[in-house]
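Asker: Mind folding the following:
(one chain, ligands or ions: 1)
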Amino acid sequence: MKLHIAEMLSKKRGRHISFHTPGHKRAGGDITELSYSDNLYSPHGAIARAEEDIARLSGAARSFLLTDGSTSGVFSMIYCLKAAGGSALALPAFSHPSAWHACEVMGLKTVPIPQKSAYGLPLPPSEEEVARALGRADALLLTSPDYYGFFPDLAGAKALCTAAGKPLLIDGAHGGHLRFEPALYAGSYADLWVDGVHKSLPAFTQGAVVSAKAENWARLLAEGVRRFRTTSPSYPIMASVEYAVKYPRNLKIEAAAERFKQAHCCAANPDWTKLLVPFGARGEEAQRNLEAHGVYPEFNDGNYLMFYLSPCTKAGELKLLGRLLDRLPRGEVAPSAPVGAIPIYSEGT
Ligand SMILES: Cc1ncc(COP(=O)(O)O)c(C=O)c1O
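Answerer: Residues are numbered from 1 along each chain as shown. Below you'll find the model as predicted:
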């Protein structure tokens, strides 16, 4: 598939003497908006073509490239609610700080949806709790999947929102890889959603996309991203987002990840990119041991070590991880989720 931004950046144009930003003065790919490089704020060239392709692949009316992380996408989605006249947002207690901060900044009331925990993991909110909170709010925001690779009941949430005539927003910061699996993909359910491309696909850190399903929300989202994106977007990040969204599915590593979970007693989550290995209080010792072998997990929450995969994970490295894990003693996981240990936990509740 054509990579519009990368192609534009790599096209031979002869001598390039920089009297423009950035200050390193080495043109390369890290340039600013020039006559040939398009403009994120009013795209009509390579950026426009990339955003159109991403929207088509994601099933969106419009998609917007983000170089400021999913955070700016969450802010932009919540702006849409505010601009549409909403005053309260229902969201699970363990939502990311960006959602609470956006509501705070935009003067929206939050209606927290309680989440229980089991085996040291936060459980997705129940349908009853979601329905109750939605009754007191103008929209629902769900995180899908969460940092541990679990999904809320998206079809149930969609049905509730449709019946109530209220929009469904999905924070898919950890779900950029899911467009190949429509039953799990945020874009199959949400009116507005964020794909955190840099976490589970091969994009540079901070690369993300925010999308709207239909034109009415797309118009508001265009206003939202104008307010919450940088005015100096990184071309390397934008090019990497287009590359990552178009990156082919890697069925071999997906199957290897599922086999790994069985073989190494991982928690049974439905997301192949997140391996949850229970260590309980022995997590730190295990982490130290692994790091001595050059193996770094995504996080240790005091119960689980989490290993984040992507289509670029190498089968041989997964095998090495398995061999090292098999030698390490495990402890019992504490029953409740360790609030505050990792960044998904809210500051707002
Ligand atoms: C659920 C969730 N939403 C949003 C974000 C923010 O993403 P970013 O760091 O790309 O801004 C994160 C980051 O970890 C997250 O876990």
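
Asker: Run a quick neighbour tally on Leu3.
Answerer: 18 (other Cβ atoms under 10 Å). Where C-beta positions appear, they are placed from N, C-alpha and C, glycine not excepted.

Asker: For it, give me its contacts.
Answerer: Residues in contact with Leu3 (Cβ atoms under 8 Å, 6 or more residues apart in numbering) are Ala50, Ala239, Glu242, Tyr243, Lys246.

Asker: please redo it, this time with the cut-off set to 6 Å
Answerer: Glu242, Tyr243 (Cβ atoms under 6 Å, 6 or more residues apart in numbering).

Asker: and it, how far is that from the ligand?
Answerer: According to Cβ to the nearest ligand atom, to the nearest Å, Leu3 and the ligand sit 22 Å apart.

Asker: same question, Leu154
Answerer: Going from Leu154 to the ligand by Cβ to the nearest ligand atom gives 15 Å.

Asker: And Thr230, by the same measure?
Answerer: For Thr230, the distance to the ligand - Cβ to the nearest ligand atom - is 12 Å.

Asker: cool, and Gly165?
Answerer: 26 Å.

Asker: Need phi/psi at that residue.
Answerer: phi 70, psi 30 (degrees, to the nearest 10).

Asker: same thing with Arg327?
Answerer: The phi/psi pair for Arg327 (degrees, to the nearest 10) is phi -90, psi -10.

Asker: That one - how many residues pack around it?
Answerer: Applying other Cβ under 10 Å, we find 8 residues neighbouring Arg327.

Asker: per-residue confidence for it?
Answerer: Note for Arg327: predicted pLDDT of 97.

Asker: same check, this time on Pro343
Answerer: pLDDT at Pro343 comes out at 48.

Asker: Offset the numbering so it begins at 69, please.
Answerer: Fine by me, first position is 69 from now on; the one you just mentioned is Pro411.

Asker: Wait, a helix at Leu209?
Answerer: No - read with DSSP: H, G, I helix; E, B strand; the rest coil, Leu209 is strand and lies in no helix.

Asker: Identify the residues contacting it.
Answerer: Leu157, Leu159, Ala167, Leu237.

Asker: Quick check: bridge partners of it?
Answerer: Beta-bridge partners of Leu209, counted by DSSP bridges, are Leu237.

Asker: Kindly report the residues of the stretch 219-368 of the chain close to the ligand.
Answerer: The stretch 219-368 of the chain has residues Asp239, Ala241, His242, Gly264, Ala276 near the ligand, with proximity defined as Cβ under 6 Å from any ligand atom.

Asker: closest to Arg130 among those?
Answerer: Among those, Ala276 lies closest to Arg130 (Cβ to Cβ), at 14.9 Å.

Asker: quick one, helices of the stretch 69-218 of the chain?
Answerer: Assigned by DSSP state H, counting those that start in this stretch, the stretch 69-218 of the chain shows helices spanning 72-78, 114-126, 137-151, 165-174, 195-203.

Asker: deepest of those helices, which one?
Answerer: Among these, the stretch with the highest mean neighbour count (mean count of other Cβ atoms under 10 Å) is helix 137-151, at a mean of 25.

Asker: So for that helix, mean pLDDT?
Answerer: 98.

Asker: And it, what does it pack against?
Answerer: helix 165-174, strand 260-263, strand 276-280, helix 283-296 (3 or more Cβ pairs under 6 Å, 6 or more residues apart in numbering; DSSP states H and E).

Asker: Please list the residues outside that helix that contact it.
Answerer: Counting by Cβ under 6 Å, 6+ apart, 134, 166-167, 170, 174, 207, 237, 239, 241, 260, 262, 264, 274, 276, 278, 285, 288-289, 292-293, 296-297 sit against helix 137-151.

Asker: Helix 283-296 and that helix, what's the angle between them?
Answerer: Here helix 137-151 runs at an angle of 120 degrees relative to helix 283-296 (axes from the mean of the first three to the mean of the last three Cα atoms, to 10 degrees).

Asker: Helix 137-151 near the ligand at all?
Answerer: Yes - Helix 137-151 reaches the ligand (Cβ under 6 Å from any ligand atom) through Gly137, Ser138, Thr139, Val142.

Asker: As TSV, those with distance to Leu202 would be great.
Answerer: Output for those, formatted as TSV (distance: Cβ to Cβ, whole Å):
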residue	distance to Leu202
Gly137	27
Ser138	23
Thr139	24
Val142	19
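
Asker: from those, which is closest to the ligand?
Answerer: Gly137 (2.4 Å; Cβ to the nearest ligand atom).

Asker: gap between that closest one and Gly203?
Answerer: 32 Å (Cβ to Cβ, to the nearest Å).

Asker: can I assume Pro270 is in contact with Cys380?
Answerer: Yes - counting by Cβ atoms under 6 Å, Pro270 does reach Cys380; the two are 5.0 Å apart.

Asker: per-domain residue ranges of the protein.
Answerer: Here the domain assignment for the chain is 72-313, 319-394, based on automatic domain parsing.

Asker: from those, which stretch is densest packed?
Answerer: domain 72-313 (a mean of 20).

Asker: That domain: end-to-end distance?
Answerer: 12 Å (Cα to Cα, to the nearest Å).

Asker: in a strand, that's where Leu373 is, yeah?
Answerer: Yes - assigned with three-state DSSP, Leu373 falls within a strand.

Asker: low-scoring stretches of the protein, by residue?
Answerer: Low-confidence segments of the chain (pLDDT under 70): 405-417.
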